[in-house]
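Visitor: Got a sequence here, can you model it:
(chains A and B)
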Amino acid sequence: MTLEAARDLLRAWTQTAQTPEANRLDIVVTAGDLLAAVDALKTSRWGYLSAITGLDHGREMPSLEVLYHFCSDAAIVTLRVSAPRENPSVPSICHLIPCAVVFERELAEMFGITVVGIPDADRLFLPDDWDETVYPLRKDAKLE
Amino acid sequence: MAEKFTIPIGPQHPALKEPGHFEFMVDGEIITGASVRLGYVHRGIEKAAEGRNWTQDIYLLERICGICSHVHALAFCLGVEQLAGVSAPPRAQAIRVLIAELERIHSHFLWLGVAAHEAGFDTLFMYAWRDRETVMDALETFTGNRVNYSANLLGGVKCDVTPGIASQIYRAVDNLEERTRHYLNVITSDDSLAERTRGVGVMTPEQADQLGVMGPTARASGVMRDIRVVAPYAAYTDFPIQPVTETAGDLQARFIVRLSELFESYRLIRSILDHLPAGDLKTRMPRRVKAGETISRVEAPRGELFYFIRSNGTDMPDRVKVRTPTLCNLASVLTLVIGRQIADIPMILVGIDPCFSCNDRAVSLVDNKGERRWTWEALRQYGIDYYRRWR
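Guide: You can find the predicted model right below:
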């Protein structure tokens, strides 16, 4: 499947689209449209979910970003969703893609982003006694 | 009977070679549910990478995994070079692939031994690990190290193939090819091993696709996912590989895929040594990397390794995200064990060739009185003092 096919599929929910590299397409969608966009990719069997990346652009930025990377051969489509720094949340995509649960558990504990509707909200990597207010991959996290 | 019995396994357990915690719900001998907790070897490498420069990060990221260390450094270097608009010379790219394939042989032989051991076939375990020494010796002669080869630089590689090294690799490959043929015969004809592998942990292509599995685990279920083929990187464009797939989707198919794809590795290694491009080993690389984001994917021995790298224009990355193949494959274990017997757990787990260190990338270090937490500086100083005492 090609990037053009993905661009057409996702047109209804696209806020902005960019091609940062030859084989990539980055599409910004709202958190409200995420499920519809993922469903469109899944229904038309456009590639597979390869990873979910959390991004913190620094304390001065008002929001965090969550990236959903889908790969089909060499082509990579990234759905970019913003979440406010205060009480950030994104909807869970597990009912569409069940294997996303491990990526979402990692995202939740590392960035403090609530994944609404996740079937298993248990920690994945961090120990039981980890300070609940420290999200290690946030830029302002003090770990020592 | 609605009562459930839960068996906790790990983090420390005789059947686990690395720490992970599983909870299996059972009804008698039959498993009805499963869950997992990881992180027992989590070292916070993604966070640490944000506080080190691009060059230091190669050595840090290479230590994510003790088995497939080279592919981590390779994925990172390819990504950073892409961001900087630099490309390594053809000879360097060929040497990167050469080491990647030698590493795959080392990894698959290690796995064959562990899988045989879990099946109770310790003779095969010992033979496989004996033969693995051949490739490890070749890697040591070539790079100076048995593991963590440290061959990559930003913009190239640091070790060259001399005639002496080439002939040692040729000899190693000839020997291992013959051994692999023998092991392929063993795993398909030995009745006791077949009892433990045939029809166990069956995953249909649809399931494999839905569970998001990668690498040999996917290919054993007929799902062709191999980054070397679908998105060739480094020298795989000049030295293409033929993908190996199986359709049975059971444990035996996972054995067959891993051993069969070794023949492709042997062929590729000989082809690279026969036609090694002449020229430099490295090119100049700027200290600061232009702002931008890139995705770098490579085929690790266990499947697709995914790196997302973001630069803010300084000499340190803003974010390095690593998604290892084991994380994708682990979910399949939790599904495949359901309905099977407790005794099948180790075999199904080992069937994906799990690597927990790869998954777990923070540490809370506690000393033997169980109190103190170590800071990075304290740990570093401890190391310096420790070795000074023994000098």
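Visitor: and chain A, which residues reach chain B?
Guide: Neighbours of chain B within chain A, by C-beta under 8 Å from any C-beta of the partner chain: A:20-21, A:23-24, A:48-51, A:53-56, A:67, A:69, A:71, A:73-74, A:76, A:78, A:97-103, A:106, A:120, A:122-127, A:130, A:136-137, A:141, A:143-144. In this view, the C-beta of every residue, glycine as well, is placed from N, C-alpha and C.
Visitor: can you map out the strands along chain B?
Guide: Ranges of strands in chain B, per DSSP state E, are B:5-9, B:21-27, B:30-37, B:152-153, B:156-157, B:292-300, B:303-311, B:317-323.
Visitor: looking at the ones you listed, which is closest to residue B:52?
Guide: Smallest distance to residue B:52 across these (C-beta to C-beta): 8.4 Å, for strand B:317-323.
Visitor: and that closest one, which strands flank it?
Guide: Paired strands of strand B:317-323, with direction, are strand B:303-311 (antiparallel) (DSSP bridges).
Visitor: how big is the angle separating the partner strand from strand B:292-300?
Guide: Strand B:303-311 and strand B:292-300 are oriented at 160 degrees to each other (axes from the mean of the first three to the mean of the last three C-alpha atoms, to 10 degrees).
Visitor: Please state the mean pLDDT value computed over strand B:303-311.
Guide: The average pLDDT within strand B:303-311 is 96.
Visitor: Among the strands of chain B, which comes closest to residue B:50?
Guide: strand B:317-323 (6.3 Å).
Visitor: And the contacts of that closest one?
Guide: Strand B:317-323 is contacted from outside by A:50-51, A:53-56, A:103, B:45-46, B:49-50, B:54, B:57, B:61, B:64, B:72, B:76, B:80, B:289, B:305-312, B:361, using C-beta atoms under 8 Å, 6 or more residues apart in numbering or on different chains.
Visitor: circling back: among the strands of chain B, which is nearest residue B:105?
Guide: Between the strands of chain B, strand B:292-300 lies closest to residue B:105; by C-beta to C-beta that is 13.3 Å.
Visitor: The closest one vs chain A: in contact?
Guide: Yes - Strand B:292-300 reaches chain A (C-beta under 8 Å from any C-beta) through B:292-295, B:297.
Visitor: Now intersect the residues of chain A next to chain B with the strands, please.
Guide: Among these, the members that lie in strands (by DSSP E) are A:24, A:48-51, A:53-56, A:67, A:69, A:71, A:76, A:78.
Visitor: Provide a ChimeraX selection command restricted to the buried entries of those residues.
Guide: Applying 16 or more other C-beta atoms under 10 Å in any protein chain shown to those leaves a buried subset, and the ChimeraX line that selects it is:
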select /A:24,48,49,50,51,53,54,55,56,67,69,71,76,78
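Visitor: Please produce a markdown table containing the ones in strands among the residues of chain A next to chain B, extended by pLDDT.
Guide: Putting these into a markdown table (pLDDT from 0 to 100) gives the following:
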| residue | pLDDT |
| --- | --- |
| A:24 | 95 |
| A:48 | 93 |
| A:49 | 94 |
| A:50 | 94 |
| A:51 | 95 |
| A:53 | 96 |
| A:54 | 95 |
| A:55 | 95 |
| A:56 | 95 |
| A:67 | 97 |
| A:69 | 96 |
| A:71 | 95 |
| A:76 | 96 |
| A:78 | 97 |
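Visitor: Touching, residue B:183 and residue B:123? I think so.
Guide: No - Residue B:183 lies out of contact with residue B:123 (C-beta atoms under 8 Å); the separation is 11.5 Å.
Visitor: Name the residue in those two with the higher neighbour count.
Guide: When residue B:183 and residue B:123 are compared for neighbours, residue B:183 comes out ahead with 20 against 9, by other C-beta atoms under 10 Å in any protein chain shown.
Visitor: For the closest residue to that one other than its chain neighbours, list the residues it contacts.
Guide: Residue nearest to residue B:183 in three dimensions, not counting chain neighbours: residue B:259, with 5.9 Å by C-beta to C-beta, 6 or more residues apart in numbering or on different chains. Taking C-beta under 8 Å, 6+ apart, we find residue B:259 in contact with B:108, B:112, B:180, B:183-184, B:187.
Visitor: same check, this time on residue A:62
Guide: A:84-85.
Visitor: again, only using 10 Å
Guide: A:82, A:84-86 (C-beta atoms under 10 Å, 6 or more residues apart in numbering or on different chains).
Visitor: Residue B:121 now?
Guide: Neighbours of residue B:121 in contact, by C-beta under 10 Å, 6+ apart: B:113, B:115, B:127-128, B:186-187, B:190, B:192-193, B:196.
Visitor: Having no further points to raise, I will conclude here.
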